[in-house]
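Peer 1: Could you work out the structure for the sequence below:
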Amino acid sequence: MPGNFQLSPDLLAEEVRQAAELGLGGVILFGIPDTKDGVGSDAMSGFGIIPQALRAAKEAAPELLLVTDVCFCEYTDHGHCGVVAEAGGRVDVDNDATLKMLGQQAVAHARAGADMVAPSGMMDGMVGAIRGRLDADGLSHVPVMSYAAKYASASYGPLREAAECSPQFGDRRSYQMDPAAAAGQAIREVELDLAEGADIVMVKPALPYLDIIRQLHDHFPGVPLAAYNVSGEFSMVEAAAARGWVDRKAVALEWLLSIRRAGASIILTYWAKDVARWM
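Peer 2: Take a look at the predicted model:
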C-alpha cells in the first residue's frame, strides 16, 4: 500500500500533525501490538499500543478527531475478531464472550483520549455492549461509529497484510455479511445497531456496495452514514497508476465522488491526505 506504513507512537505524532494541518476531518487508528495472544490482551490494556498512540496523538494535534478501531483481529494470534471456542467439532468466534471484551477495549481507548470508537467485528450485540459499558464508566459523551454493514469482501487483503491480521484458520464469513445478501439484510443490521445506540453507521467496502449506501441513505434519513473506501480499492488504482494504465488523481477523485453521491456523509479513505492537497 504505497504511502502507508506501520508507525510507532512517536512517528504517529508527526503524521497526525500533518493531518491536522491539511484540515482532515480526523484519523482512525489500528493497533499492532508487540505480542499477540489468544484473547488479544493488549487491546484491553490501558497501556496497550492504541492508548499509547492516542496519548501521543492528542499531545501532537489536540483538536484532531481521533477514532479507534475496536476489534480483536489485530491483537489475537489466530487473527479472528474475538475469542474463539470449539463447539460441535468446529472452532469459531464466541460472540457472547467477545462482547464483554469489546466493552473493555472501548473503555481503554476512551480513557486514553479517543473521541469516537468504531467497532468493526460485526459481533451481534456489539454496539449495545460497548454503549452500555461506556455509559457505566462515565463515558457517555463518546460516540459509537458502527461497521453496521460490513461484508465478507475479497477487497481487504492489503490491509490484512499491513495490519498483520489475516485469519490463521477458517475465514470471517460466519460473522461478516454475505456479499450476495439482499439489501434488506443491511437495513436490518443498521436498524439493530441504531436501536442499540450507534451514532454513525458504516458500509464497508464502499464501491461494490454503492447501491447499499444509497438504500441506507434513503431508508434512514438524518442518520450519519459512513463508507470505507478499502485497501483493495485503493491498491488496485495505485498498482494501475504505477504502470501508467490510469490517471491516479482522476480515478481517485471520481471514485470518491461516486461514494459521496451515493449518500455517504463520511468517507474513510487512504487517499485522504492526497485529496486534501489536491483540493
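Peer 1: what's residue 38 in contact with, if anything?
Peer 2: Residue 38 makes contact with 76-78, 83-84, according to C-beta atoms under 8 Å, 6 or more residues apart in numbering. Quick note: C-beta positions are derived from backbone N, CA and C, even for glycine.
Peer 1: biggest separation within these, which pair?
Peer 2: Farthest pair in these (C-beta to C-beta) is 77 and 83. Separation: 11.6 Å.
Peer 1: Compare neighbour counts for those two and give me the winner.
Peer 2: Counted by other C-beta atoms under 10 Å, residue 77 and residue 83 do not tie: residue 83 has more neighbours, with 19 against 12.
Peer 1: Low-confidence ranges, the stretch 151-279 of the chain, go.
Peer 2: Low-confidence segments of the stretch 151-279 of the chain (pLDDT under 70): 159-160, 162-175.
Peer 1: Tell me where it has helices.
Peer 2: 157-162, 183-196, 210-219, 231-242, 248-262, 272-278 (DSSP state H, counting those that start in this stretch).
Peer 1: and of those, who's closest to residue 118?
Peer 2: It's helix 183-196; of the helices of the stretch 151-279 of the chain, that one is closest to residue 118 (C-beta to C-beta) at 11.8 Å.
Peer 1: so which strand or helix has residue 104?
Peer 2: Element membership for residue 104, per DSSP states H and E: helix 95-112.
Peer 1: could you give the mean pLDDT of that helix?
Peer 2: In this model, helix 95-112 has an average pLDDT of 93.
Peer 1: Tell me the buried residues in that helix?
Peer 2: Across helix 95-112, burial judged by 16 or more other C-beta atoms under 10 Å covers 95, 98-99, 101-110, 112.
Peer 1: Could you report the neighbour count for residue 153?
Peer 2: By other C-beta under 10 Å, 18 other residues sit near residue 153.
Peer 1: Please name the residues that touch it.
Peer 2: Contacts of residue 153 by C-beta under 8 Å, 6+ apart are 176, 179, 204-205, 208, 230, 232.
Peer 1: of all those, which comes closest to residue 264?
Peer 2: residue 204 (10.9 Å).
Peer 1: list the contacts for the residue nearest to that closest one when sequence neighbours are not counted?
Peer 2: Of all residues not flanking residue 204 in the chain, residue 228 sits nearest, at 3.9 Å (C-beta to C-beta, 6 or more residues apart in numbering). Applying C-beta under 8 Å, 6+ apart, we find residue 228 in contact with 147, 202-206, 267-269.
Peer 1: can you check residue 83 too?
Peer 2: Counting by C-beta under 8 Å, 6+ apart, residue 83 has contacts 38-40, 72, 76, 93-94, 97-98, 101.
Peer 1: any idea how far it is from residue 123?
Peer 2: 11 Å (C-beta to C-beta, to the nearest Å).
Peer 1: which residues are common contacts for these two?
Peer 2: Both residue 83 and residue 123 are in contact with 93, 98, where contact means C-beta under 8 Å, 6+ apart.
Peer 1: contacting residues for residue 24?
Peer 2: Counting by C-beta under 8 Å, 6+ apart, residue 24 touches 64, 272-273, 276.
Peer 1: State the distance from it to residue 241.
Peer 2: 22 Å.
Peer 1: can you check residue 72 too?
Peer 2: 34 Å.
Peer 1: next one: residue 21
Peer 2: Taking C-beta to C-beta, one finds residue 21 at 25 Å from residue 241.
Peer 1: if you count what's nearby, which of those two comes out ahead?
Peer 2: residue 241 (17 against 12).
Peer 1: For that one, list the residues it contacts.
Peer 2: Residues in contact with residue 241 (C-beta under 8 Å, 6+ apart) are 247-248, 251.
Peer 1: filter these to the buried ones?
Peer 2: Applying 16+ other C-beta under 10 Å to the contacts of residue 241, the neighbour count classes 248, 251 as buried.
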